[in-house]
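Visitor: Sequence and predicted structure are below.
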Amino acid sequence: RAGTEMGQGLHTKCIQVAAQVFGIPVADVHIAETASDRVHNTSPTAASVGSDLNGMATLDACEQIQARLRSVYEEYPDLPFRDICMKAYKRQINLGAQGFYASPYGGVHNWRTLSDLNVDTSEEDNAKRGDIF
């Protein structure tokens, strides 16, 4: 995650983007708090630009993972997302991505952001869903 949630619904919007791309319920998506050890030099979160930038970076990261999962989906079209991820993990398919988005408008503020996304495939009892971090 790169954006700071300040009550503007940034996390909710990014969760909705990820859930839609992967075709999973929003309850199965988890957002980790912003941390500079994960995403460095992020753009400021101001007005609604945070949702635009981070939403598009989340979309980019999700689409990268979705593209890597395509062959598994084609082979097992009826499997749920979590099982698709487990099969991909066992095939050593990268389930992490860094999405990037820069505003096409540039100008004084060339807004850019990066989202770090990983699919959790842990098999612990308390992890019964595919979380996106």
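Guide: Perfect, thanks for sending it. Numbering: from 1, shown residues only.
Visitor: What is the neighbour count of residue 31?
Guide: 20 (other Cβ atoms under 10 Å). For the C-beta atoms, the positions are set from N, CA and C on the backbone; glycine is no exception.
Visitor: is it true that it lies in a strand?
Guide: No. Applying DSSP: H, G, I helix; E, B strand; the rest coil, one finds residue 31 to be coil, outside a strand.
Visitor: Could you tell me the model confidence score at the nearest residue in space to it that is not next to it in sequence?
Guide: Leaving aside its chain neighbours, residue 31 sits nearest to residue 11 (4.5 Å; criterion: Cβ to Cβ, 6 or more residues apart in numbering). pLDDT, residue 11: 85.
Visitor: same for the helix or strand encompassing residue 11, what does it pack against?
Guide: Using DSSP states H and E, residue 11 maps to helix 10-22. For helix 10-22, the elements it packs on are helix 49-75, judged by 3 or more Cβ pairs under 8 Å, 6 or more residues apart in numbering; DSSP states H and E.
Visitor: How about residue 66: what's its closest non-neighbour residue?
Guide: residue 21 (5.9 Å).
Visitor: again with residue 84
Guide: Nearest non-adjacent residue to residue 84 (Cβ to Cβ, 6+ apart): residue 72, at 5.2 Å.
Visitor: For the residue lying closest to residue 56 once chain neighbours are set aside, grab phi and psi.
Guide: Excluding the flanking residues, the one nearest residue 56 by Cβ to Cβ, 6+ apart is residue 101, at 3.7 Å. Main-chain torsions, residue 101, degrees, to the nearest 10: phi -150, psi 130.
Visitor: Enumerate the positions of the helix or strand harbouring residue 82 that are buried.
Guide: Assigning secondary structure by DSSP H and E places residue 82 in helix 81-90. Going by neighbour count (16 or more other Cβ atoms under 10 Å), the buried part of helix 81-90 is 81, 82, 84, 85, 86, 87, 88, 89.
Visitor: Run through the neighbouring helices and strands of that helix.
Guide: Looks like helix 81-90 contacts helix 49-75 (3+ Cβ pairs under 8 Å, 6+ apart).
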